[in-house]
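**Student:** show me the folded form of this:
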Amino acid sequence: MIVTKENLIDILRNNVVTVTFTKVNGEERTMQCTLIAEYIPNASTSNGKVLLQESETKTVAVWDIEANAWRSFRLSSVKNISIG
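**Tutor:** Predicted coordinates:
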């Protein structure tokens, strides 16, 4: 199954997702991430809506649950996505 950026963002807005990807330096990383507003500090200042900067790039910005910070990855570097 091919996942588009739009599909992945929809999944992230409704789920905590484990994403395995290859970092720019070649290391493999597994990250639990989401775009669910209740996980993101200060998301309430936007009336419960997560504000995303949409771009033409294939980079996805997500909230890293474990690091408690914003992170991003290239869609083309994703090896595995699992929900839950």
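**Student:** for Cys33, see how far away Glu15 is.
**Tutor:** Quick fix: residue 15 reads Asn, not Glu. Here Asn15 is placed at a distance of 10 Å from Cys33 (CB to CB, to the nearest Å). Backbone N, C-alpha and C define where each C-beta goes, glycine included.
**Student:** what about those two, which has more around it?
**Tutor:** Cys33 (24 against 15; other CB atoms under 10 Å).
**Student:** can you tell me the helix or strand for the residue lying closest to that one once chain neighbours are set aside?
**Tutor:** With sequence-adjacent residues excluded and distances taken as CB to CB, 6 or more residues apart in numbering, Cys33 is closest to Val62, at 3.8 Å. Using DSSP states H and E, Val62 sits in strand 59-64.
**Student:** what strands line up against that strand, and which way round?
**Tutor:** Paired strands of strand 59-64, with direction, are strand 28-34 (antiparallel), strand 69-74 (antiparallel) (DSSP bridges).
**Student:** run the chain-centre distance for it.
**Tutor:** 3 Å (CA atoms, centre = their mean, to the nearest Å).
**Student:** check which helix or strand covers the closest residue to Thr18 other than its chain neighbours.
**Tutor:** Leaving aside its chain neighbours, Thr18 sits nearest to Ser82 (4.8 Å; criterion: CB to CB, 6+ apart). According to DSSP H and E, Ser82 maps onto strand 78-83.
**Student:** residues making contact with that strand?
**Tutor:** Val3, Leu8, Ile11, Asn15, Val16, Val17, Thr18, Val19, Thr20, Phe21, Thr22, Glu28 (CB atoms under 8 Å, 6 or more residues apart in numbering).
**Student:** repeat for stretch 4-11
**Tutor:** With contact meaning CB under 8 Å, 6+ apart, stretch 4-11 is reached by Val17, Leu35, Leu52, Lys58, Val60, Leu75, Ile81, Ile83.
**Student:** pLDDT check: weakest of the contacts of strand 78-83?
**Tutor:** Among the contacts of strand 78-83, Val3 carries the lowest pLDDT, at 80.
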